[in-house]
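below are the sequence and a predicted model; questions follow.
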Amino acid sequence: GTGLSVEELRRTGGAKKGFRRWTLKALADYFASDRLRELAESDIFWDTVVSIEPDGEEETFDLEVPGAHNFLADGLFVHNSHTVAYAVVAWQTAFLKANHPLEFMTALLSSEIGHGPIGNEDKESKLITYDEEAQRMGLTLVPPDVQRSGKMFEAEGKNGTSKILYALLAIKNVGEGAVESILEARKKGPFASMDDLCRRVDLRQTNRKVLESLIKAGAMDSLVPGKPAVKARAVLLNAVESTLDRLSRVKEDLARGQVFLFGGEEGGEAPAALPDARALSEHDLLNGEREVLGFYLSGHPLTRYREELVVVSTHRIGEIPPGTDGNVRLAGIISGVRRLVTREKKEAYARAELEDLTGSINVLVFPKAFAAGLNKFLEPNKMVVVSGRLSSRGDAETATLELIADDIQPLEQALGKWARSLIIALSTVGIEEGPLRELQRVLAKYPGECPVLLKLQTPAHGTAVLATENKVAISAGLFEELEKTLGEKTWRIESAS
């Protein structure tokens, strides 16, 4: 909806006449009305108050009801005990958060399990908010693990560290029955492998969807020791279906009374080795975490694009100075999209959330821009650059910024537009012909319009910058190959803005 209460809309009648500025803005957004937005942002009707003069007296109510422990505040009937109770609870929670932050945040996270489902773009999950608050307070969130995690979040304060072990029940698609099955099976000892886990749990509760969610959350990484997460999760995901099919046949044979050659029980059969699989990309690994946890736990997909984001944007989202208005250009990843229709003309428009490494901002795409083609760039997890006009939403105390989009471009396309040059750093000390030849091959592989400069560090003459004849097309593939050839942090982009 509009985010407005019925009372706010009723204020057009009676003693209260007209709408507040922020109410008009909210209605303009909801109805995608340029006319209402013009009224809300017009300077004519919103002059600053210079002075206030008395205009008479009027009775108001602020009195206690004797013996009833209540009072009337301008017509609103309030219980004193109700107010006091809220004050006590507020003081208690503030005390616990300040003096016992680990235990308080652990309990707070557990209290939110089952509320505000992960992955629902239309609802804000408090679980995600509390996760972020815990990390802001310096508490470490330990990824879920089928070998250690319990049903709820658990506090771990050892050797001066404050850690919160992630709850299995907080993982999307993992229900209470599946968690209880895992915990019961774990009483007999740690799981040796995914095969061992699947043999010991109730597969009616811990089904394929549950196992895949556990793997994406990182809760089964420990079952493939010695391998990085991108490899471990790829191997596990690849083996889920075959493992479940094979063990289902084993259980069916046992039910029919068939006896195995060794041991006569299902435990007597040696577990099958996990087939190899191509490692997941970092992008796929992080998207899997966000899918089942609601946020990125191992890292952030934008971390490796830090340099590129600075080049194509005028501001970092979390560092926009208060009172900033006018046109800006912001870069980041789309973390949520809502496609809507105006009530009056049934025109399509959209709201999206743009996130960078410093914060997030709401992006509003009006029907005209939506129809012009911006809609095709509004996809979750897509890295884009949004140009538009900043607008303040809400009253002075609770105002939040939003971006009215005029243009949206994929990150790589924007880099081609806003990059003045690609600067590659080299040292002449110990430089060999092989890497130089490979560098030339990489640059020739990505022809484009961006000039390439070499920044040479020499022992005798210091630093020298040389122009080359190469011009490249800026892309993630180019950066990956440069880092493989020369190492990390050997290149940077000079911005044209």
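Right, received. Where do you want to start?

for Leu482, see how far away the residue sitting furthest away from the middle of the chain is.
Distance from the C-alpha centroid of the chain peaks at Gly56, with 53.9 Å (C-alpha atoms, centre = their mean). Note on Gly56: its distance to Leu482, by C-beta to C-beta, to the nearest Å, is 76 Å. From N, CA and C alone the C-beta is placed, and that goes for glycine too.

can you check Asp145 too?
Relative to Leu482, and taking C-beta to C-beta, Asp145 is found at 36 Å.

again with Glu184
Separation of Glu184 from Leu482 (C-beta to C-beta) stands at 52 Å.

for these two, indicate the residue with more neighbours.
Leu482 (21 against 12; other C-beta atoms under 10 Å).

after the helix or strand containing the more buried one, which helix or strand is next? Please name it.
Secondary structure from DSSP states H and E places Leu482 in helix 476-486. Downstream of helix 476-486, the next assigned helix or strand under DSSP H and E is strand 491-495.

can I get that next one as PDB, trimmed to CA atoms?
Taking Å, rounded to 0.1, in the frame of the first residue of the first chain, the C-alpha atoms of strand 491-495 are listed here in PDB:
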ATOM      1  CA  TRP A 491      45.400  -2.500 -12.400                       C
ATOM      2  CA  ARG A 492      43.000   0.400 -11.800                       C
ATOM      3  CA  ILE A 493      40.500   2.400 -13.900                       C
ATOM      4  CA  GLU A 494      40.700   6.200 -14.200                       C
ATOM      5  CA  SER A 495      37.300   7.700 -14.300                       C
END
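
who does that strand pair up with?
Paired neighbours of strand 491-495 in the sheet (DSSP bridges): strand 419-427 (antiparallel).

quick one: the strand it pairs with to helix 476-486, angle?
10 degrees (axes from the mean of the first three to the mean of the last three C-alpha atoms, to 10 degrees).

tabulate the CA atom coordinates of the host helix or strand of Ala28 in CSV.
Assigned by DSSP H and E, Ala28 belongs to helix 21-31. C-alpha atoms of helix 21-31 as CSV (Å, rounded to 0.1, in the frame of the first residue of the first chain):
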residue,chain,number,x,y,z
ARG,A,21,4.2,17.3,2.2
TRP,A,22,5.4,13.8,2.9
THR,A,23,1.8,12.5,2.6
LEU,A,24,1.5,14.0,-0.9
LYS,A,25,4.9,12.4,-1.8
ALA,A,26,3.7,9.0,-0.6
LEU,A,27,0.5,9.4,-2.6
ALA,A,28,2.5,10.5,-5.7
ASP,A,29,4.7,7.4,-5.4
TYR,A,30,1.7,5.1,-5.0
PHE,A,31,-0.3,6.5,-7.9
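
I'd like to know which elements that helix is packed against.
Here helix 21-31 touches helix 34-41, strand 383-393, going by 3 or more C-beta pairs under 8 Å, 6 or more residues apart in numbering; DSSP states H and E.

list the buried residues of stretch 292-306.
Val292, Leu293, Gly294, Phe295, Tyr296, Leu297, His300, Pro301, Leu302, Arg304, Tyr305 (16 or more other C-beta atoms under 10 Å).

remind me which residues of the stretch 251-400 of the chain are low pLDDT?
Applying pLDDT under 70 to the stretch 251-400 of the chain flags residues 255, 257-272, 394-399.

residue ranges for the helices of it, please.
282-293, 306-312, 367-371 (DSSP state H, counting those that start in this stretch).

JSON lines for the ones you listed, including distance to Leu411?
Shown next, in JSON lines, are the helices of the stretch 251-400 of the chain (distance: least, C-beta to C-beta, whole Å):
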{"stretch": "helix 282-293", "distance to Leu411": "13"}
{"stretch": "helix 306-312", "distance to Leu411": "6"}
{"stretch": "helix 367-371", "distance to Leu411": "19"}
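
nearest to Glu41, out of those?
Glu41 sits nearest to helix 367-371 of all the helices of the stretch 251-400 of the chain, at 17.2 Å, using C-beta to C-beta.

who are the packing partners of the closest one?
strand 348-355.

run me through the strand neighbours of the strand it packs on, direction for each.
Sheet pairing for strand 348-355, using DSSP bridges, gives strand 326-341 (antiparallel), strand 360-365 (antiparallel).

can I get the CA coordinates of the shortest one in CSV?
Read it as strand 360-365. The C-alpha coordinates for strand 360-365 follow below in CSV (Å, rounded to 0.1, in the frame of the first residue of the first chain):
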residue,chain,number,x,y,z
SER,A,360,21.1,0.6,0.2
ILE,A,361,18.5,3.0,-1.3
ASN,A,362,15.0,2.6,-2.8
VAL,A,363,14.8,3.2,-6.5
LEU,A,364,11.5,4.3,-8.1
VAL,A,365,10.9,3.7,-11.8
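
contact partners of the host helix or strand of Pro451?
Taking DSSP H and E as the criterion, the element that holds Pro451 is strand 447-458. Defining contact as C-beta atoms under 8 Å, 6 or more residues apart in numbering, one finds that strand 447-458 is touched by 416, 419-429, 443, 463-468, 470-474, 494.

can I have the buried ones of these as a ChimeraX selection?
Here is the ChimeraX command that picks out the buried ones among those, judged by 16+ other C-beta under 10 Å:
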select :416,419,421,422,423,424,425,426,443,470,472,473,474
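
rewinding a little: please tell me how far the residue farthest from the centre of the chain sits from Val50.
Distance from Gly56 to Val50, counting by C-beta to C-beta: 20 Å.

repeat for Gln440
Counting by C-beta to C-beta, the separation of Gln440 from Val50 is 70 Å.

which of the helices or strands spans Lys417?
Assigned by DSSP H and E, Lys417 falls in helix 411-418.

which helices and strands does that helix pack with?
Contacts defined by 3+ C-beta pairs under 8 Å, 6+ apart place helix 411-418 against helix 306-312, strand 383-393, strand 447-458.

do you know which of those lies nearest Leu340?
strand 383-393 (15.9 Å).

run the angle between that closest one and strand 326-341 for me.
Going by the same axes, to 10 degrees, strand 383-393 makes 90 degrees with strand 326-341.

would you give the sheet partners of strand 383-393, along with the direction of each?
Short version: by DSSP bridges, strand 383-393 pairs with strand 326-341 (antiparallel), strand 400-410 (antiparallel).

in TSV: the ones you listed, plus distance to Glu252.
Formatted as TSV, those follow (distance: least, C-beta to C-beta, whole Å):
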stretch	distance to Glu252
strand 326-341	44
strand 400-410	50
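
with mean neighbour count and distance to Gly189 as extra columns, can I get the ones you listed in a markdown table?
As requested, the strands paired with strand 383-393 are exported to a markdown table (neighbours: other C-beta atoms under 10 Å; distance: least, C-beta to C-beta, whole Å):
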| stretch | mean neighbour count | distance to Gly189 |
| --- | --- | --- |
| strand 326-341 | 18 | 41 |
| strand 400-410 | 18 | 50 |
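
could you write out the alpha-carbon coordinates of stretch 103-116 in CSV?
These are the backbone C-alpha positions of stretch 103-116, laid out as CSV (Å, rounded to 0.1, in the frame of the first residue of the first chain):
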residue,chain,number,x,y,z
GLU,A,103,23.2,-13.4,25.0
PHE,A,104,20.8,-10.6,24.1
MET,A,105,21.3,-10.7,20.3
THR,A,106,21.4,-14.6,20.4
ALA,A,107,17.9,-14.6,22.0
LEU,A,108,16.7,-11.9,19.8
LEU,A,109,17.7,-13.8,16.6
SER,A,110,16.1,-17.0,17.9
SER,A,111,12.8,-15.1,18.7
GLU,A,112,12.4,-14.1,15.1
ILE,A,113,12.8,-17.6,13.6
GLY,A,114,9.6,-18.4,11.7
HIS,A,115,8.6,-14.8,11.2
GLY,A,116,9.0,-12.8,8.0
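
state the mean pLDDT of that stretch.
Averaged across stretch 103-116, pLDDT comes to 86.
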